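Colleague: sharing a model that was predicted from the sequence below.
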Amino acid sequence: MAIAKMSRLYLVAHQAEKDEVLDVLQQMGVVEISVIQSADDTEDWAALVDRDQAHEEVHSLETVLVDVRFALDFLNRHYPAKKNLLDVLGGNRVLMTLEEFTAQQEEWSGRVRDVSVALRKVDERLMSLRNEETRLQNLKSQLIPWSKLDVPLEEVRATDSVHVELGTMPTADAPAFRAQLAAGVDGAFLSEVNADRKDTYLFLVYSAGEAEEAQAILKQFNFSRYQFPSLRGTPAENLANIQEGLAAVATERQGALADAEKHKEHRGVINFYSDYLTAERDKKQVVDSFVCTKHSFVVEGWVREADLGTLKKRLAERSETAEVFSRPPQENEAFPVLLENNRFVAPFEFITQLYGTPAPRSVDPTLPLAPFFVVFFGLCLSDAGYGVLLSALTGLALWKLRMAVMARKIMWVLFAGGLSTIFFGVLISGWFGEAIWGAPFFFNALDDPMRMLIYSLGIGLVQIFFGMGIKFYCNVRDGKILAAISDQLFWAMLIIGLLLLALPDMSGVGRNLALFSAAGLVLTQGRAQRSIVMKFLSGLFSLYNITGVLGDILSYSRLLALGLATSVIAMAINMLAGLLGGTSIGFIIMIVLLVVGHIFNLVINILGSYVHSSRLQYLEFFNRFYEGGGRPFKPFRLNTRHIEVIGE
């Protein structure tokens, strides 16, 4: 339940050692670099410095990155890499020392440059082939309606004595056009080559002497001319040539892709070089956050107090001029938030971070939420057999697989949830929907759901009181004694008093406690108001908030609902499978149904257990004490996707 102590860092060094200082900062990854304000700020020294920059170096690296990204995009588009489980979990990165990472970049550079040049040539060929294919396909679509025309296309033209035309008009107008053409143009020849519901395709021949009359009729019926001036031979002959052309394009494309395919073996090197260039670009881009003089530069940022000594030591090893100064955050100064927890609680940090980042001077809710989350997860999944499967699979993954940090955290949370599921499954449920091996040891939630409901609400009440206790502690720590008493203690006493009213032997104590705490709330909840009347009315109306507290407690009934749902579905799967036995085929189907059904039930209820356990933390627990609005600590570090840089 700790937020790391941060220090404001100021680093000054000689310009000649800028690269060494940047290397240390990037390799350690413990400093969040801030943009130093411009000279018009209130800092007097700011007027003595200029903004540092490395635009030319960044531009040069970006230019190379464009070629690298092109090569990767080309290979991934035409030869997608097959991803395995390690790729999904982020554990397939290649391990390299920093020396290997930097030493191999020259070799990577030459190989990637050759591959990029070769792939650009292939891409140009493919682009040309795509254009040719598009041209042929368009021409083909134009010629298909004329495929039955047995006239060479070079003959479709006007001569001194006769005009030959191809064109279309709406199918509905074709009969009227035929009649009017016969009446108005003597000797005209009209042939219907093709027709569909929309258009009719016509071949028309008429005398040059009657061209004026023919053109008037054509205009009247919206005749659209088709012309193929560059084609020779009949449409059918041209379509055959186009088909041959398309086949030739396909063959040439296959040849071009075959030339490119031999370069896919370099995908790994391209990825490595991309990581190196990205790290170098980041190092040059961060220089824009510095200020400098002619001979020195200044870095400002945040560092975890515990890392300050190591940072100074590493800088002293690499730089003779670097000096580091630090100070604690000022009273109202916001600083980035880094959560600090032990190895057992740290995996649950991602649950907190999904909700938001706590305020810098608040409490980290990870430690108090972790045990409740594990308990809620186990109650929701609630089947010992499913718990064994979940903990076994996640435990094996944690033991055998190398994963990214986030994937490893999720696996740890699921592993803990699996153990919790085994515990509660043995206590109140069973194994794969069956009450075997002595389970349930405590009571059967399916047979006694009201008892399970009472326990669920009781656990929820404990968590709500725990959240109120955290806020009580924070108020006392900050010197807000009245707020601690009026906003937490009185409410807790009121809830306890109301609960005691349900116990005959304690009803008198409960009534007195409830009346006392209610009076305290009436007198204190309106303290922010100015007039006495408004203070009293605000305090009185605040008692209505008890309905919200009771509603929050009732939300924990979802622990009962999800736990019963898992058991009921598992029992239904077993019942259906039992109906299929008796024959060899039925036995096989029964086994398949059991395996598929229970896997489905496990997966869907793992998701439900996670979602609803998180919801109870976010809505019912966090609103008692959580203060958001912080920003996460984002140090300047090596951001690689395919290489994991390790120490010696």
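Modeller: Thanks, I have it.
Colleague: need the strands for the stretch 501-648 of the chain, in chain order.
Modeller: Here the stretch 501-648 of the chain has its strands, by DSSP state E, counting those that start in this stretch, at 643-646.
Colleague: burial count for the closest residue in space to Leu190 that isn't next to it in sequence?
Modeller: Take Leu190 and drop its neighbours on the chain: the residue closest to it by CB to CB, 6 or more residues apart in numbering is Leu204, 5.5 Å away. Just so you know, the C-beta spots here come from the backbone N, C-alpha and C atoms, and that holds for glycine as well. For Leu204, the count of nearby residues is 21 (other CB atoms under 10 Å).
Colleague: now do Asn341
Modeller: Neighbours of Asn341 using other CB under 10 Å come to 17.
Colleague: which parts of the stretch 351-500 of the chain are helices?
Modeller: 366-381, 384-400, 405-428, 449-477, 481-484, 490-500 (DSSP state H, counting those that start in this stretch).
Colleague: other SSEs contacting the third one?
Modeller: Based on contacts counted as 3 or more CB pairs under 8 Å, 6 or more residues apart in numbering; DSSP states H and E, the elements that helix 405-428 packs against are helix 349-355, helix 366-381, helix 384-400, helix 584-615.
Colleague: buried stuff in that helix?
Modeller: 407-428 (16 or more other CB atoms under 10 Å).
Colleague: now the fifth one
Modeller: Applying a neighbour-count criterion of 16+ other CB under 10 Å, the buried positions in helix 481-484 are 483-484.
Colleague: just give me the neighbour total for the spatially closest residue to Asp150 that is not a sequence neighbour.
Modeller: Once flanking residues are discounted, Asp150 sits nearest to Thr234: 6.0 Å by CB to CB, 6+ apart. Counted with other CB under 10 Å, the neighbours of Thr234 add up to 19.
Colleague: try Thr583
Modeller: 10.
Colleague: show me where the stretch 101-250 of the chain has strands.
Modeller: Under DSSP E, counting those that start in this stretch, the stretch 101-250 of the chain gives strands at 162-170, 189-195, 199-207, 224-226.
Colleague: what helices or strands is the shortest one leaning on?
Modeller: When contacts are defined as 3+ CB pairs under 8 Å, 6+ apart, strand 224-226 sits against strand 162-170.
Colleague: any idea how many residues pack against the closest residue to Gly578 other than its chain neighbours?
Modeller: Nearest non-adjacent residue to Gly578, counting by CB to CB, 6+ apart: Met590, 7.5 Å away. Other residues near Met590 come to 19 when the count uses other CB under 10 Å.
Colleague: make 478 the first number, not 1, from now on.
Modeller: Sure, I'll start counting at 478 from here, so that last one is Met1067.
Colleague: distance of the closest residue in space to Ile973 that isn't next to it in sequence relative to Ala979?
Modeller: In this structure, Ile973 finds its nearest non-sequential neighbour in Leu990, 6.3 Å apart by CB to CB, 6+ apart. Separation of Leu990 from Ala979 (CB to CB, to the nearest Å) stands at 13 Å.
Colleague: low-scoring stretches of this protein, by residue?
Modeller: 478, 514-529, 561-569, 1058-1059, 1124-1125 (pLDDT under 70).
Colleague: got the domain ranges for it?
Modeller: 484-525+767-813, 634-704, 823-1101 (automatic domain parsing).
Colleague: out of these, deepest packed?
Modeller: Highest mean neighbour count among the domains of the chain (mean count of other CB atoms under 10 Å): domain 823-1101, with a mean of 18.
Colleague: start to end distance for that domain?
Modeller: 22 Å (CA to CA, to the nearest Å).
Colleague: list just the one of the strands of the stretch 578-727 of the chain that sits closest to Leu930.
Modeller: Of all the strands of the stretch 578-727 of the chain, strand 676-684 sits nearest to Leu930, with 71.9 Å by CB to CB.
Colleague: mind listing what's buried along the longest helix anywhere in the chain?
Modeller: Counting by DSSP state H, the longest helix found in the chain is helix 582-620. Within helix 582-620, the residues scored as buried using 16+ other CB under 10 Å are 582, 585-586, 588-589, 592-593, 595-596, 599-600, 602-603, 606, 610, 613, 616-617, 620.
Colleague: report all helices and strands that that helix contacts.
Modeller: helix 532-555, helix 712-738, helix 744-762.
Colleague: tell me the angle it makes with helix 532-555.
Modeller: 50 degrees (axes from the mean of the first three to the mean of the last three CA atoms, to 10 degrees).
Colleague: between helix 582-620 and helix 712-738, how many degrees?
Modeller: Using the same axes, to 10 degrees, helix 582-620 lies at 170 degrees relative to helix 712-738.
Colleague: and the angle for helix 582-620 with helix 744-762?
Modeller: Using the same axes, to 10 degrees: helix 582-620 against helix 744-762 is 110 degrees.
Colleague: would you check that Leu616 makes contact with Leu716?
Modeller: No. With contact defined as CB atoms under 8 Å, Leu616 does not reach Leu716; the gap is 9.0 Å.
Colleague: in contact with the spatially most central residue of the chain, which residues?
Modeller: The residue lying closest to the centre of the chain (CA atoms, centre = their mean) is Leu831, at 11.6 Å. Counting by CB atoms under 8 Å, 6 or more residues apart in numbering, Leu831 touches Ser1091.
Colleague: could the strands of the stretch 578-727 of the chain be laid out in TSV, adding distance to Gln657?
Modeller: Below are these laid out as TSV (distance: least, CB to CB, whole Å):
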stretch	distance to Gln657
strand 639-647	12
strand 666-672	11
strand 676-684	13
strand 701-703	17
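Colleague: among these, which is nearest Glu497?
Modeller: Once these are compared by CB to CB, strand 701-703 is nearest, at 73.1 Å.
Colleague: neighbouring contacts of the closest one?
Modeller: Contacts of strand 701-703 (CB under 8 Å, 6+ apart): 619, 623, 642-646, 678.
Colleague: coming back round to it: export the helices of the stretch 828-977 of the chain as a markdown table, with columns for distance to Met1052.
Modeller: Rendered in a markdown table, the data for these read as follows (distance: least, CB to CB, whole Å):
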| stretch | distance to Met1052 |
| --- | --- |
| helix 843-858 | 20 |
| helix 861-877 | 16 |
| helix 882-905 | 19 |
| helix 926-954 | 19 |
| helix 958-961 | 55 |
| helix 967-977 | 40 |
